[in-house]
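Q: Next comes the sequence, and after it the predicted model I'd like to discuss.
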Amino acid sequence: MIFDRHEIHKKSYKMNENMVGVSVLAAPAPAAKALLAKRVQEMVLYGDEPPALYISRDDHDATDGDGDGGDDFSSPVPIVDIGILSCSEEPFTKEYEEELLKLNSALHTWGCFQAIEHGISSSFLDEIRKVAREFFEQPMEEKNKYSKTVAGFEGYGANPVPEQGQPLDWSDRLFLDVCPPNQRKLQFWPQTPTSFSDVLSEYTEKMKIVTELTSKAMAKSLNLEENCFLKQFGKRLIVQARFNYYSKCRRPDLILGLKPHTDGSGYAVILQDEVGLQVFSNEKWYTVPKIPHALLILLGDQMEIMTNGVFKSPVHRVLSNSERDRISIVMFYTPEKGKEIGPEDGLVDEERPRLFKKVKDYADTHWEYNRRGMKALHTAHV
Ligand SMILES: O=C(O)CCC(=O)C(=O)O
Ligand SMILES: [Fe+2]
């Protein structure tokens, strides 16, 4: 699969009776909007056949990097010990220098890494997973109290309606604005499980330490002033939490939990409970292995812009699975609203001319293109 002309998703499967239930195909395909009013979890509960609009896999020309598409601990997605990077007193130890180099190489080559020794306790990570699972396992009528509109963004529901011709994702999600705190729309914050809001607020606080440390380490690994990215994100940076629930799926060969995309944020921190996330690198899909309490840090387009293309915003997707459901908790970090961001001056020189112009509110542009299955990064090129 080659993501040429900014297109990141191609749907080339022909729909035929072997692929989805005849009953669905015999009737005119319901419009995406109507389908999205119903949760994937509900369809599974009622034993519905996956409707044709969910068919999205197109893997004929991309191989699985780790061979089996499953739990493969030899997958080369790098692991970085960010505990080592937290001791940044000069003179740097050899260990520190080596880990910094690893971080730089991971973000240059992969645009992501698995962070270990991040300082958040395993028991707390289990706790946030538990409240997430408890939320999704409630009856529909309870979850529907927090429903988003089909066209809206925040709340419980499906991903925004894609443009016609784009397939749908086999997942449900709860999306919440978390920071700045005065932007929280509490009507979407679940009251059950009762500890949900407190756990999410605590996770946000703990994550602040991890992300500040990572942001400084990223800058240092590029020989930049350590606060440069924190300054670009601004004091009122946007933090959004997305709880993804991937129901079991009868046709993982045809249907994806989440279509290939890049993130429009600065970066995301992902906590997964099962494998399923794949990153596209060197024309192959690599499954991100399950390391029980690791956090996957994955760059979005805005970090690619700020690093003048030195670090990459990777195309990624989520597979569906016929045997297990999957939950992921994603925290997105995006520069504050209305703030201009652009390549760091220290990363622009004769050898590496400026690739990107200054942009603001890039995430809005990202979503416009995402709905059409396209990347938006070219809109920021000089
Ligand atoms: O579920 C995951 O692991 C990744 C989710 C993701 O890519 C997203 O929410 O943008
Ligand atoms: Fe993503």
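A: Received it, and whenever you're ready, just let me know what you need. Ligands and ions are numbered 1, 2, ... in the order given.

Q: From here on, just use CA atoms for contacts and neighbour counts.
A: OK.

Q: Ile215 and Val178, how far apart?
A: Rather than Ile, residue 215 is Ser. Ser215 sits 19 Å away from Val178, going by Cα to Cα, to the nearest Å.

Q: These two: which is more packed in?
A: Using other Cα atoms under 10 Å, the more surrounded residue of Ser215 and Val178 is Val178, with 21 against 18.

Q: Which elements pack onto the helix or strand harbouring that one?
A: Assigned by DSSP states H and E, Val178 falls within strand 172-179. Packing partners of strand 172-179 (3 or more Cα pairs under 8 Å, 6 or more residues apart in numbering; DSSP states H and E): strand 155-157, strand 238-246.

Q: Please identify which of the ones you listed is closest to Ala32.
A: Evaluated with Cα to Cα, the helices and strands packed on strand 172-179 place strand 155-157 nearest to Ala32, the distance being 13.5 Å.

Q: Contact partners for the closest residue to Glu340 other than its chain neighbours?
A: The shortest distance from Glu340 to any non-neighbouring residue, by Cα to Cα, 6 or more residues apart in numbering, is to Lys360 (4.5 Å). Neighbour list for Lys360: 337-341 [criterion: Cα atoms under 8 Å, 6 or more residues apart in numbering].

Q: what do you get for Pro193?
A: By Cα under 8 Å, 6+ apart, the contact set of Pro193 is 131, 134-135.

Q: follow-up on the earlier one: and ligand 1, is the strand holding Val178 touching that?
A: No. For strand 172-179, no contact with ligand 1 is found by Cα under 6 Å from any ligand atom; the gap never falls below 8.7 Å.

Q: mind listing what's buried in that strand?
A: Within strand 172-179, the residues that count as buried by 16 or more other Cα atoms under 10 Å are 172-179.

Q: Report all helices and strands that the helix or strand harbouring Ser105 contacts.
A: Assigned by DSSP H and E, Ser105 belongs to helix 94-109. Packing partners of helix 94-109 (3+ Cα pairs under 8 Å, 6+ apart): strand 79-81, helix 82-85, strand 112-116, helix 196-221.

Q: and with 10 Å instead?
A: In terms of contacts (3 or more Cα pairs under 10 Å, 6 or more residues apart in numbering; DSSP states H and E), helix 94-109 is packed against strand 79-81, helix 82-85, strand 112-116, helix 196-221, strand 295-299.

Q: hmm, back to that, just the buried ones from the contacts of Lys360?
A: Neighbour counting over the contacts of Lys360 (16+ other Cα under 10 Å) leaves 339-341 as the buried ones.

Q: Can you lay out these as CSV showing distance to Lys235 and secondary structure?
A: What follows is the buried ones among the contacts of Lys360, written out as CSV (distance: Cα to Cα, whole Å; DSSP: H, G, I helix; E, B strand; the rest coil):
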residue, distance to Lys235, secondary structure
Lys339, 11, coil
Glu340, 13, strand
Ile341, 13, strand
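
Q: Which of the residues you listed sits closest to ligand 1?
A: Nearest to ligand 1 among the buried ones among the contacts of Lys360 is Ile341, at 21.1 Å by Cα to the nearest ligand atom.

Q: can you pull the pLDDT of that closest one?
A: Per-residue confidence at Ile341 stands at 98 (pLDDT).

Q: which residues does it form a beta bridge with?
A: Residues in a beta bridge with Ile341, per DSSP bridges, are Val359.

Q: residues touching it, list them.
A: 229, 231-234, 302-303, 305-306, 335, 356-362 (Cα atoms under 10 Å, 6 or more residues apart in numbering).

Q: mind running it again at 7 Å?
A: Residues in contact with Ile341 (Cα atoms under 7 Å, 6 or more residues apart in numbering) are 232, 306, 358-360.
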